[in-house]
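Peer 1: 3D model of this:
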Amino acid sequence: DARLRALQGHLNGHPLKGHAELTYTGAALGLKSLDVAVGPNRMQAEGHWDKKLDLDWKLDAPRLAALYPQLSGTLKAQGSVSGSFQTPHFIVRAEAEKLHWRSLDAGRVRFHGNLNLTSADKASFMLQLENLESPSLAITRLDANLSGPANDQRISLAMLSNKGDLQLEGKGHVTGDGWTGQLVSGKLRPLDHAPFTLQSPAKLDLAGRKIQIARNCWHDAGHSEFCTALQTGTSGWKTRIELQSLPLALANPYLQNGLAMQGSINGKILAERSRQGLEVAGELHAGAGGLRRNLGGTPQRLEFAEAGIEARLDPALAVARLGLVLKDGGLLDASLTVPWRDHAKPTGHLRLKASLPDLSGLGALSPYVSHAGGRLFADLDVSGSLQSPRFGGRLELTQLRAHLPRFGTRFEEGNLKIQGKGNALKLEGEIHDESKGWLAIDGVLKYENAWRFNAHVGGKDFRIANIPEASLSVSPDLTVSVDGRAISLNG
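Peer 2: All right, here's what the predicted structure looks like:
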């Protein structure tokens, strides 16, 4: 026999006390009693182990922070273990309230589990969450259930949240190393859109750290559809997403600052994480559509006839291409290659070609700009590496105008020209305010053993802020010089 008459001390600044009594007869181990308390929290257990298991335990924790300082709330739980070592029977009942961990809060969590590891006896799990909140997601209620014998089980999941609602049902059976079955039915209800329904059953396998969800496709009452597949393992994971005529408006309830989209999108995305690193490849294409943002009661619109993006990322290289045809006939074609693993190799490349006769849609891209306008022409090429760059071509902004409502700043008659040649970029530009105040810049960015930037900023009576609290105008005459990490400002 072994007896711990008294245990005393402190844990996380709270008093720790308890006692325990064990017996051992050679063939059986008995726990006559275990009683441990940390602050107001108390754990009790008793039982024995021989050819059969018989253990009962109980936990009453009104102050979880005493056990783990980063976790707060209350927890009551009890359970038992019976049966044999080969086919144990577990029963657990637990309820927690007012949980807080890092940025997560949960009003109430309930769990009931009854697991008997034989094929004949029924097993059941019930998990219920109420008022689970994180910075980006609020779940009003989540119910997850499993029931039935090991060779014929049913699963279900129902979730209500501020991002939409989800219902899933499946069936399957326990295998030697996990669980295998099917997702039989499902319904996904995004905000402000008709529900998506699972088209046909999809295979689902769980085995330790390995999860496989076969290709499953969801469609709404119209012609919109998306399909997903997921596979995880000990060395990584891979997933596939396919989109067909998916409305861009699905994203509108989740966008901020009054931004809304219209149109539909098609495409696919493949992603895989392995021991070699992350690889992603995808292409997305949209037909006629646009962006709209209401800023101060004035709608800002960017409308396009066609848009598309193709991208690829592997452990050494990132490649992307963006194409845009605006409704008014403007064109933009941009391609980018970045050797992000080894920037010293001269394999990077940026090519920008654009002819945009009307920039009034720029106000839809930012909540800080309204009444934008102007013209953009670009045929710019940047290649090489950070230590050996090469520039070519030019970019011109003309007739540029915009309003920055937050600061009350208005400028017009803006012009900016960027000219690339060899290892240098030359830029010159000028803008005017409503009162004919002006700002001008003339400078050169180049690389000569280090990045260097030299510029002159001049102006007269340019109003950079005009709000009820303050009105501020500047007349600068400054010389700016950057040489590596050294910065100088004179004027």
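Peer 1: Spit out the contact partners of the nearest residue to residue 313 once chain neighbours are set aside.
Peer 2: In space, and not counting its chain neighbours, residue 313 is closest to residue 280: 4.4 Å by C-beta to C-beta, 6 or more residues apart in numbering. All C-beta atoms are positioned from the backbone trio N, CA, C, and that covers glycine. By C-beta atoms under 8 Å, 6 or more residues apart in numbering, the contact list for residue 280 reads 269, 270, 271, 272, 311, 312, 313.
Peer 1: For residue 475, state which of those residues is nearest.
Peer 2: residue 311 (45.4 Å; C-beta to C-beta).
Peer 1: Of all residues in this protein, which one is nearest the centre?
Peer 2: Taking C-alpha atoms, centre = their mean as the criterion, residue 136 is the residue nearest the geometric centre of the chain, at 9.4 Å.
Peer 1: Helix, strand or coil: sort out that one for me.
Peer 2: Under DSSP: H, G, I helix; E, B strand; the rest coil, the three-state class of residue 136 is coil.
Peer 1: before we move on, what about the one 10 residues further on?
Peer 2: Three-state call for residue 146 (three-state DSSP): strand.
Peer 1: Report how many residues lie close to it.
Peer 2: 20 (other C-beta atoms under 10 Å).
Peer 1: again with residue 391
Peer 2: There are 23 residues near residue 391, going by other C-beta under 10 Å.
Peer 1: I'd like to know how far it sits from residue 354.
Peer 2: Remark: distance between residue 391 and residue 354 (C-beta to C-beta, to the nearest Å) = 17 Å.
Peer 1: rewinding a little: can I get the contacts of residue 280 in TSV with distance to residue 458 and neighbour count?
Peer 2: Shown next, in TSV, are the contacts of residue 280 (distance: C-beta to C-beta, whole Å; neighbours: other C-beta atoms under 10 Å):
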residue	distance to residue 458	neighbour count
269	48	16
270	52	16
271	50	16
272	53	17
311	41	16
312	44	16
313	43	18
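Peer 1: so which of those would you say is closest to residue 233?
Peer 2: Nearest to residue 233, judged by C-beta to C-beta, of these is residue 272 at 11.0 Å.
Peer 1: quick revisit: so in terms of bridging, what pairs with the residue nearest to residue 313?
Peer 2: Note on residue 280: beta-bridge partners residue 271, residue 313, judged by DSSP bridges.
Peer 1: Likewise for residue 264?
Peer 2: Residue 264 forms beta bridges with residue 247, as assigned by DSSP bridges.
Peer 1: so it touches residue 224, yeah?
Peer 2: Yes: look at residue 264 against residue 224 with C-beta atoms under 8 Å: they come within range, at 7.3 Å.
Peer 1: Now do the shared contacts for the two.
Peer 2: Joint contacts of residue 264 and residue 224 (C-beta under 8 Å, 6+ apart) are 245, 246, 247.
Peer 1: Quick one: residues in contact with the helix or strand harbouring residue 36.
Peer 2: Taking DSSP states H and E as the criterion, residue 36 maps to strand 29-38. Outside strand 29-38, the residues that touch it by C-beta under 8 Å, 6+ apart are 7, 11-12, 14-24, 42-50, 55, 66-67.
Peer 1: before we move on, what about stretch 410-430?
Peer 2: 371, 374, 380-382, 388-404, 431-434, 438-448, 455, 463, 466.
Peer 1: likewise stretch 309-319?
Peer 2: In contact with stretch 309-319 (C-beta under 8 Å, 6+ apart) are residues 276-284, 320-323, 335-342, 347.
Peer 1: List buried residues within those residues.
Peer 2: 279, 282, 284, 321, 323, 336, 337, 339 (16 or more other C-beta atoms under 10 Å).
Peer 1: Determine which two of those residues are furthest apart.
Peer 2: Farthest pair in the buried ones among the contacts of stretch 309-319 (C-beta to C-beta) is 284 and 339. Separation: 23.9 Å.
Peer 1: Now do residue 216: how many residues are near it, please.
Peer 2: Residue 216 - counted by other C-beta under 10 Å - has 20 other residues nearby.
Peer 1: oh sorry, the question was meant for residue 308
Peer 2: Count around residue 308 with other C-beta under 10 Å applied: 17.
Peer 1: residues touching residue 169, list them.
Peer 2: Contacts of residue 169 (C-beta under 8 Å, 6+ apart): 154, 155, 156, 157, 183, 184, 185, 186.
Peer 1: Hmm, residue 144 and the third one touching each other?
Peer 2: Okay, so that is residue 156. Yes: here residue 156 lies in contact with residue 144, judged by C-beta under 8 Å, at a distance of 7.2 Å.
Peer 1: packing partners for the strand or helix carrying residue 181?
Peer 2: Element membership for residue 181 (DSSP H and E) is strand 179-190. Helices and strands touching strand 179-190, by 3 or more C-beta pairs under 8 Å, 6 or more residues apart in numbering; DSSP states H and E, are strand 153-161, strand 164-174, strand 196-198, strand 202-207, strand 210-219.
Peer 1: now the ones you listed in CSV, with mean pLDDT and distance to residue 87?
Peer 2: CSV is the format used below for the helices and strands packed on strand 179-190 (pLDDT from 0 to 100; distance: least, C-beta to C-beta, whole Å):
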stretch, mean pLDDT, distance to residue 87
strand 153-161, 96, 17
strand 164-174, 94, 12
strand 196-198, 97, 35
strand 202-207, 93, 20
strand 210-219, 96, 24
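Peer 1: Same list (the ones you listed) but as a markdown table, adding distance to residue 73.
Peer 2: A markdown table is the format used below for these (distance: least, C-beta to C-beta, whole Å):
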| stretch | distance to residue 73 |
| --- | --- |
| strand 153-161 | 21 |
| strand 164-174 | 26 |
| strand 196-198 | 35 |
| strand 202-207 | 29 |
| strand 210-219 | 29 |
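Peer 1: Please name whichever of these is nearest to residue 28.
Peer 2: Evaluated with C-beta to C-beta, these place strand 164-174 nearest to residue 28, the distance being 29.6 Å.
Peer 1: so what's the residue lying closest to residue 408 once chain neighbours are set aside up against?
Peer 2: Nearest non-adjacent residue to residue 408, counting by C-beta to C-beta, 6+ apart: residue 466, 3.7 Å away. Residues near residue 466 by C-beta under 8 Å, 6+ apart: 407, 408, 409, 410, 472.
Peer 1: what's the burial count for the second one?
Peer 2: Residue 408 is surrounded by 17 other residues when neighbours are defined as other C-beta under 10 Å.
Peer 1: What pLDDT is listed against it?
Peer 2: pLDDT for residue 408: 86.
Peer 1: Where does the prediction get shaky in the chain?
Peer 2: Low-confidence segments of the chain (pLDDT under 70): 1-4, 117-121, 295-297, 342-346.
Peer 1: what about the helices in it?
Peer 2: Counting by DSSP state H, the chain forms no helices at all.
Peer 1: pretty sure residue 474 is touching residue 457, no?
Peer 2: No: here residue 474 lies out of contact with residue 457, judged by C-beta under 8 Å, at a distance of 9.7 Å.
Peer 1: Find residues that contact each of these two.
Peer 2: Jointly contacting residue 474 and residue 457 under the rule C-beta under 8 Å, 6+ apart are residue 439.
Peer 1: Let me see the contact set for residue 401.
Peer 2: Residue 401 neighbours (C-beta under 8 Å, 6+ apart): 371, 372, 373, 374, 410, 411, 412, 413, 414.
Peer 1: again, only using 7 Å
Peer 2: Residue 401 makes contacts with 372, 373, 374, 411, 412, 414, as judged by C-beta atoms under 7 Å, 6 or more residues apart in numbering.
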